[in-house]
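K.L.:
3D model of this:
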Amino acid sequence: MKESLLKRLISYAWPVEIEVITSKFSPILEVSLKNGRYRLCTDRVIYSWADKYDNFRKCFERIDLDTPPVSHVLVLGFGLGSISYMLEKTFKKSIKYTGIEIDEAVIYLTSKYVLDELHSDIELICADASVFVQQNQVKYDMICIDLFIDDVIPEVFLTTDFLDDVQACLSEKGFLIFNHLYYYEKDKLKAETYYETVFRPFFEDAGYLDVHMNRMMISDKKRIYSLKT
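P.N.:
Numbers count the residues shown, from 1 in each chain. Coordinates of the predicted model:
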């Protein structure tokens, strides 16, 4: 859906509310225009914001997406499609996407406001990400994990069983990026503990990037131009 030029211009001064709905996962899901882009928020966090979703954008700026090339991406927690949007519009990548989103209300909003702006091949599936990766038979070159209910990653996605299922979905040279909050001290402690006790022991070549109040954990540090281990 295209908003009027006036609304888009106003959005550079302050957010313009477009639609607010509820779902069984979020009492408030708000789509607004901010800086000319659709933004999806709860009352606590930003779920998606096109190419302004800085945690993934800044991560992609420091990731090698070409050696070998990424051609098929699995997005667990599709939201309003920020990952597909920025890889197509900002990074000029021609990629096929499978998006997994548990919230039917989010899929409704994505279909209404974003999908018609994109030319990429996108398959959007309403499913629980943990169940999908258990049953999936397709291999992906990159898996992006962005699974939150408000500001919390459900515990099922923090287990080695989940990582084992996700790893089975990767192609031979594939890798994954797992987004964790890294702003408040409690968030930092959770992210650091998970990285040191679960993620890094599971992926022996792991690395991470701290970007825009998030720790982006990456299964293959060779993909990172500038890295921390």
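K.L.:
Where is the longest strand in the protein?
P.N.:
Looking across the chain with DSSP state E, the single longest strand is strand 170-181.
K.L.:
Just the C-alpha atoms of it, please, in PDB.
P.N.:
Coordinates of each C-alpha in strand 170-181 appear next as PDB, following Å, rounded to 0.1, in the frame of the first residue of the first chain:
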ATOM      1  CA  LEU A 170      21.600 -24.700   6.600                       C
ATOM      2  CA  SER A 171      23.200 -25.400   3.300                       C
ATOM      3  CA  GLU A 172      26.800 -26.700   3.300                       C
ATOM      4  CA  LYS A 173      28.300 -23.100   3.500                       C
ATOM      5  CA  GLY A 174      25.300 -21.600   5.100                       C
ATOM      6  CA  PHE A 175      25.300 -19.500   8.300                       C
ATOM      7  CA  LEU A 176      22.800 -18.000  10.700                       C
ATOM      8  CA  ILE A 177      22.400 -14.600  12.500                       C
ATOM      9  CA  PHE A 178      20.600 -14.600  15.800                       C
ATOM     10  CA  ASN A 179      19.400 -11.200  17.200                       C
ATOM     11  CA  HIS A 180      19.600 -10.600  20.900                       C
ATOM     12  CA  LEU A 181      18.900  -7.400  22.800                       C
END
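K.L.:
That one pairs with which strands?
P.N.:
strand 140-145 (parallel), strand 214-218 (antiparallel) (DSSP bridges).
K.L.:
right, and the ones you listed - which one's nearest Phe25?
P.N.:
Closest approach to Phe25 among the strands paired with strand 170-181 is made by strand 140-145 (17.0 Å; C-beta to C-beta). Any C-beta I mention is one placed from the backbone N, CA and C, and that applies to glycine too.
K.L.:
any idea which helix or strand comes after that closest one?
P.N.:
Downstream of strand 140-145, the next assigned helix or strand under DSSP states H and E is helix 160-167.
K.L.:
counting contacts, what elements does that next one pack onto?
P.N.:
Counting contacts by 3 or more C-beta pairs under 8 Å, 6 or more residues apart in numbering; DSSP states H and E, helix 160-167 is packed against helix 129-135, helix 200-202.
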